[in-house]
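Engineer: Below is the structure, and that's it, no one-letter string:
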């Protein structure tokens, strides 16, 4: 495997300060520490029992962060074989049994997956691609009734998918990041804690 260009650290939870390798790959741009810290502040830090999808895993920073904070199941999708091997190695090193890694085209996988399977769908597609626009409607279908979508993109999201709204948003340099909820939700930030975030029976 090609040597990692650098590393990214997990910022909270069980594996806080653990490092994940970041390969030297075109378009691979891991979510910065401060952006992940902001996201999980929005989510309430403790994701105990949540089912999460990291659809464009890359370094795995978002998916491993969710697992570190208690998520019960985290599925990482990645198309690049070298990155899949790196993710598997990190999973073994951290004994991250709740993580599953699948080599797949994220758009195709999301299009055929059963609806309503995830409490949180994480979308950080290659930065200079059109994949965000294609992935968002699919993510909306995969989210549970009270599920959430996280999106990183080069531009601020102006028009969320039908039935969704931007709940929180921020910017760090060239990165715009957004947390979306269903337009009918009407939740307060406290409602997103694990004590009240429940999947439909």
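Structural biologist: All right, it came through fine. The structure displayed is predicted, hence computed values, not measured ones. Numbering: from 1, shown residues only.

Engineer: contact partners of the lengthiest helix in the chain?
Structural biologist: If you go by DSSP state H, the chain has its longest helix at helix 81-94. Outside helix 81-94, the residues that touch it by CB atoms under 8 Å, 6 or more residues apart in numbering are 1-2, 4, 15, 18, 20-21, 23, 25, 28, 57-60, 64, 76, 78, 96, 99, 101, 103. Any C-beta I mention is one placed from the backbone N, CA and C, and that applies to glycine too.

Engineer: In ChimeraX, how would I select just the buried ones from these?
Structural biologist: Burial among those is assessed by 16 or more other CB atoms under 10 Å; the matching ChimeraX selection reads:
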select :15,18,20,21,23,28,57,58,59,60,64,76,78,96,99,101,103
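
Engineer: The spatially most central residue of the chain bridge partners, please.
Structural biologist: Nearest to the geometric centre of the chain sits residue 122, at 2.5 Å (CA atoms, centre = their mean). For residue 122, the beta-bridge partners under DSSP bridges are residue 54, residue 150.

Engineer: Just the ones of the contacts of helix 81-94 in strands?
Structural biologist: 4, 20-21, 23, 76, 78, 99, 101, 103 (DSSP state E).

Engineer: And those, which is closest to residue 168?
Structural biologist: Top of the list for closeness to residue 168, among these and by CB to CB, is residue 76 at 23.3 Å.

Engineer: Counting neighbours, what do you get for residue 80?
Structural biologist: Other residues lying near residue 80 total 16 when counted by other CB atoms under 10 Å.
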